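# after the sequence you'll find the predicted model.
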2 protein chains.
Amino acid sequence: MLRITRQADYGIVLLTLFARSNGRVFSARELASASHVPLPMVGKILKLLVQAEILGSHRGMHGGYTLARRPDEITVGHIIEALDGPVAITDCTGHLPSECGIEQTCPVSHAWQRINDAIVGALDRVTLAEMTCPVGDPLTAFTGHRAQVQP
Amino acid sequence: MLRITRQADYGIVLLTLFARSNGRVFSARELASASHVPLPMVGKILKLLVQAEILGSHRGMHGGYTLARRPDEITVGHIIEALDGPVAITDCTGHLPSECGIEQTCPVSHAWQRINDAIVGALDRVTLAEMTCPVGDPLTAFTGHRAQVQP
DNA sequence: CAGAATAGGACCAACTTGGTCCGATATTGA
DNA sequence: TCAATATCGGACCAAGTTGGTCCTATTCTG
Ligand code: FES
Ligand code: FES
């Protein structure tokens, strides 16, 4: 396994919609129909992204959500942390107190910490901008998608 | 989240016992009492490790398990894959067919693949030998543990 | 003031995981 | 040969987490 939750997966997809049409305001309804993510789920995700200050929100008629920062200033690691909580590959790599079943007997917690750092590093080194338009891979795969988002 | 299962966590701990007393034969019972991992769980884990050809086994009286390779030839990535299945950070990074909820609309599957590769790389770059004795960290934490394993 | 949108909850169902148990099989030693 | 001891293989259950829904309050526009 070792997979992120579907929430984070969806979250990245939604954010790419923002990143690809920079500065636009999206309503939750728009995002849902554009991304094929169920509407209540979209609301839940956007809520968390606002709390993490990745998105800004504006209520009322013609309200909606908008990116709070530039896409190249938002890292994938930050997004995952906002939606799934802090990345901790084992119980003991999280911030203490360690709740690992075999408390102090464990000889490898230190090594886990290093591996965890490596993964967090890999996640923080990729920005939303890079997710949106990967180098070496043309936009062919996106065309159908774009047509829905930017009418 | 983004954490490995407890099975894999336990698995690493058990394997360090093997690695630290190279070549010894351990019975499941021994490992359980030494590591404080519940016995039935130990059996389940060792079973998987044998199937992955990380451990060898020998039945009958005075039987037990033994390392099938040198500790520096066993990677953490391999262990995790044996116990938790292949590392696939999202549904679509796994070997097709992609079962992601938003099938073809997804513009980021390619980028996920790169992130997934980075994580797999980080996991494969660490060997069991390194987990057993991390550089820069003396064995002080292990003493109590070793006393139980090597009487 | 009425309508439209977010904000913030509680809430439930389905799946995965952690954990247990039992019987079958193989090896050793008396 | 027989009994003891160990792995091997599977089914099995309970608890926790996740994916997903819903309802109400709040805030802004017109
Ligand atoms: S304290 Fe958790 S793996 Fe060790
Ligand atoms: S196909 Fe799964 S994140 Fe896209």
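The structure has been received and is ready for your questions. Numbers count the residues shown, from 1 in each chain, chains lettered A, B, ... in the order given. Ligands and ions are numbered 1, 2, ... in the order given.

# ranges for the helices of chain A?
Ranges of helices in chain A, per DSSP state H, are A:6-20, A:28-35, A:39-51, A:76-84, A:109-124, A:128-132, A:143-149.

# for B:Pro86, which of those is the nearest?
Minimum separation from B:Pro86 across the helices of chain A (CB to CB) falls at helix A:109-124, 16.2 Å. Quick note: C-beta positions are derived from backbone N, CA and C, even for glycine.

# for the closest one, packing partners?
For helix A:109-124, the packing partners by 3 or more CB pairs under 8 Å, 6 or more residues apart in numbering or on different chains; DSSP states H and E come out as helix A:76-84, helix B:109-124.

# with mean neighbour count added, can I get those helices in JSON lines?
Below are these laid out as JSON lines (neighbours: other CB atoms under 10 Å in any protein chain shown):
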{"stretch": "helix A:76-84", "mean neighbour count": "22"}
{"stretch": "helix B:109-124", "mean neighbour count": "19"}
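
# any idea which of those has the lowest pLDDT on average?
With a mean of 84, helix B:109-124 has the lowest mean pLDDT of the helices and strands packed on helix A:109-124.

# do it and DNA strand D meet at all?
No. Helix B:109-124 does not reach DNA strand D (CB under 7 Å from any atom of the strand); its nearest approach is 14.3 Å.

# that helix vs ligand 2: in contact?
Yes. Helix B:109-124 lies within reach of ligand 2 by CB under 6 Å from any ligand atom, at B:Ser109, B:Trp112.

# so what's the gap between stretch A:24-32 and the chain middle?
17 Å (CA atoms, centre = their mean, to the nearest Å).

# report the buried residues of that stretch.
A:Val25, A:Phe26, A:Ala28, A:Glu30, A:Leu31, A:Ala32 (16 or more other CB atoms under 10 Å in any protein chain shown).

# nearest residue to the last one in space, please, no chain neighbours.
Excluding its sequence neighbours, the residue lying closest to A:Ala32 (CB to CB, 6 or more residues apart in numbering or on different chains) is A:Leu39, at 4.1 Å.

# right, and the one you found touches A:Leu14 too?
No. At 11.9 Å, A:Leu39 does not count as touching A:Leu14 under the criterion of CB atoms under 8 Å.

# who has more neighbours, these two?
A:Leu14 (25 against 12; other CB atoms under 10 Å in any protein chain shown).

# mind listing what that one touches?
Counting by CB atoms under 8 Å, 6 or more residues apart in numbering or on different chains, A:Leu14 makes contact with A:Leu31, A:Ser35, A:Val37, A:Val42, A:Ile45, A:Leu46, A:Leu49.

# from A:Asp84, how far out is whichever residue of chain A sits closest to ligand 2?
Residue nearest to ligand 2 within chain A: A:Asp9 (4.8 Å; CB to the nearest ligand atom). Note on A:Asp9: its distance to A:Asp84, by CB to CB, to the nearest Å, is 10 Å.

# give me every residue in chain A lying close to ligand 2.
Residues of chain A lying near ligand 2 by CB under 6 Å from any ligand atom: A:Asp9.

# closest residue of chain A to DNA strand C?
A:Ser57 (3.1 Å; CB to the nearest atom of the strand).

# that residue against A:Val50, yeah?
Yes. Judged on CB under 8 Å, A:Ser57 makes contact with A:Val50 at a distance of 5.0 Å.

# mutual contacts of the two, please.
A:Tyr65.

# now, which of the contacts of A:Leu14 sits nearest DNA strand D?
Of all those, DNA strand D sits closest to A:Val37, with 7.5 Å by CB to the nearest atom of the strand.

# got the contact list for A:Thr66?
A:Phe18, A:Gly23, A:Arg24, A:Val25, A:Phe26, A:Leu55, A:Gly56, A:Ser57, A:His58.

# try A:Val108
Counting by CB under 8 Å, 6+ apart, A:Val108 makes contact with B:Ile12, B:Val13, B:Thr16, B:Met131, B:Thr132.

# what sits closest to the fourth one if chain neighbours are left out?
Translated: B:Met131. A:Ala111 (4.4 Å).

# please apply the same query to the third one.
Sequence neighbours aside, B:Thr132 is the residue nearest to B:Thr16 in space, at 4.9 Å (criterion: CB to CB, 6+ apart).

# that neighbour and A:Ile54: what is the separation?
B:Thr132 is 40 Å from A:Ile54, by CB to CB.

# go on, A:Ala118?
Distance from A:Ala118 to A:Ile54, by CB to CB: 24 Å.

# the residue of chain A closest to DNA strand C: neighbour count?
Around A:Ser57 there are 15 residues (other CB under 10 Å).

# residues contacting it?
Contacts of A:Ser57 (CB under 8 Å, 6+ apart): A:Leu46, A:Val50, A:Gly63, A:Gly64, A:Tyr65, A:Thr66.
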